[in-house]
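J.: need the 3D shape of this:
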Amino acid sequence: GIDARGKTNNICRSYRTTHEILNFATLFYRNRVSKNETDDDVLEPDLMNMPRGVLPILVPVRAAQDEISVITAEIVALAKSGYPLRNILVMHAEYGVDALIESLDRHLGAGKSADKILQEQLKTKLPLPLLIASNKILDSLRAGKTVADVDPSLVSLYRPSVQPYMISWIKYNPAAEISKLKIPVLIVQGTTDLQVSVEDAKLLSAAKPDAKLLIIENMNHVLKESDADTKTNMATYRNPELPLKPGFADELISFVTSLK
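T.: Numbers count the residues shown, from 1 in each chain. So this is what the prediction gives:
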């Protein structure tokens, strides 16, 4: 958006920024230039007819990790206030960008796509060769391509019959999608769910502030009563004789009947 040829102190109108941002950037730079530089060394923006916007906020930090923490905290606060994640743009220099993405993924929970959640779940559960194979499969599914050659140890996750579903599934960001709904929403979350956390449910609630959030103690991912022990919890997945967690059905019925 800048038209500057040779030595010039004129910046033509930038279509990628606003009057406030460019003016602030110029003043900020002037206060940081070396004493050996003169005004002729500073490009002077032409602010005429530029679009107006909000004033930028400068937040000084002492280290790169502090920067990541500040950015993450700001975005999480916006999400919890109900601001749609799809309307947030983060521009960051190449250095440290992986750490920033990891931090945002960790704090925004179910606000990220299913492939990212699955990668996090498998990171500490698979040996390195299988983890690499799993990530390659996810890369292919993310590109919309199925994978024929799947390691036998990963077939339960990536069997051919489920791959088309996964391709369509990972396209969506739950927090962004729930914020679009114009109907009553009930978000139900168990405290012993091994796959989705209470924090994930709260982030969905933040993306849809008028939704009802129901947290049920000792209910797991398959809506059965269980503690947080992995072996005990997973055993409930294979036992169809177990009833639903007491109280869950009553709460669900209450929500539905309240809409009449």
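
J.: which parts of the protein are strands?
T.: Secondary structure of the chain, counting by DSSP state E: strands at 10-11, 44-45, 186-190, 212-216.

J.: and the helices in the stretch 151-260 of the chain, which stretches?
T.: Taking DSSP state H, counting those that start in this stretch, the helices of the stretch 151-260 of the chain run over residues 155-158, 163-169, 174-178, 198-207, 230-235, 248-257.

J.: ranking those by burial, who's on top?
T.: Per-stretch averages of neighbours, counted by mean count of other C-beta atoms under 10 Å, single out helix 198-207 among the helices of the stretch 151-260 of the chain, with a mean of 21. Backbone N, C-alpha and C define where each C-beta goes, glycine included.

J.: angle of that one against strand 186-190?
T.: 170 degrees (axes from the mean of the first three to the mean of the last three C-alpha atoms, to 10 degrees).

J.: residues in contact with helix 198-207: which ones?
T.: Identification of contacts with helix 198-207 by C-beta atoms under 8 Å, 6 or more residues apart in numbering yields 76, 79-82, 84-85, 108-111, 174-176, 178-179, 187-189, 191, 211, 213, 215.

J.: what of stretch 134-144?
T.: For stretch 134-144, the surrounding residues in contact (C-beta under 8 Å, 6+ apart) are 115, 118-119, 122, 126, 146-147, 150, 154, 157-158, 163, 166-167, 170.

J.: of those, which is the nearest to residue 235?
T.: residue 157 (19.6 Å; C-beta to C-beta).

J.: tell me how far that closest one lies from residue 203.
T.: Applying C-beta to C-beta, to the nearest Å, the value for residue 157 to residue 203 is 25 Å.

J.: got it, and residue 101?
T.: 16 Å.

J.: and what of residue 74?
T.: 15 Å.
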